[in-house]
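Undergrad: Sequence and predicted structure below; questions after.
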Amino acid sequence: MLEQEDREASEAYWAWEAAAPPPEEPIEVTSMSYARQTSAVTRRRRFFVTANCYMGLGPTITEKGDLVCVLYGCPVPMVLWRVDSGYLLVGECFVLGLMDGEALAADHKGVKAMFKIL
């Protein structure tokens, strides 16, 4: 299932790329600028993989067993910690495949639940 979705997404991207007009001026990308940009994006972030094989970047204090949730009204997924009588909000995260409303799509088999955030 994921492989089919990946292939379709890749084909759609390359079709879009082929149809896009070339930039007016070439963009110079050097390994140093790439390294700086990558460092800026991943600073104070931890890579993780969910139980459903989604890859993401979350706060550095993200731990195994944390909950990744898409909360109604939030523009990005959130990491939550389970505590005695509810959940503690750890912070926002990026999860490939759960951004831009993808998690709320009708065919997504996510669990809908209420959370008491402390």
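TA: Nice, thanks for sending it over. Numbering: from 1, shown residues only.
Undergrad: check contacts around Val95.
TA: Thr50, Tyr54, Met55, Gly56, Val68, Pro77 (C-beta atoms under 8 Å, 6 or more residues apart in numbering). Just so you know, the C-beta spots here come from the backbone N, C-alpha and C atoms, and that holds for glycine as well.
Undergrad: The same query, at a cut-off of 6 Å, please.
TA: Val95 is in contact with Tyr54, Gly56, Pro77, counting by C-beta atoms under 6 Å, 6 or more residues apart in numbering.
Undergrad: Tell me the secondary structure of the residue lying closest to it once chain neighbours are set aside, please.
TA: Excluding its sequence neighbours, the residue lying closest to Val95 (C-beta to C-beta, 6 or more residues apart in numbering) is Gly56, at 3.8 Å. Secondary structure state of Gly56, per DSSP: H, G, I helix; E, B strand; the rest coil, is strand.
Undergrad: what residue ranges in this protein are flagged as low confidence?
TA: In the predicted model, the chain carries pLDDT under 70 at residues 1-7, 9-10, 12-14, 16-18, 20-23, 25-29, 105-111, 113-118.
Undergrad: Show me where it has its strands.
TA: 45-49, 55-59, 67-69, 78-83, 86-92, 94-95 (DSSP state E).
Undergrad: re earlier: how close does the residue nearest to Val95 sit to Lys112?
TA: 20 Å (C-beta to C-beta, to the nearest Å).
Undergrad: And these two? Which one has more around it.
TA: Counting neighbours by other C-beta atoms under 10 Å for Gly56 and for Lys112 shows that Gly56 has the greater number, 21 against 7.
Undergrad: how about CSV for the strands of the chain, with distance to Ala15 added?
TA: As requested, these are arranged in CSV below (distance: least, C-beta to C-beta, whole Å):
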stretch, distance to Ala15
strand 45-49, 29
strand 55-59, 24
strand 67-69, 31
strand 78-83, 33
strand 86-92, 31
strand 94-95, 25
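Undergrad: Done for today, thanks.
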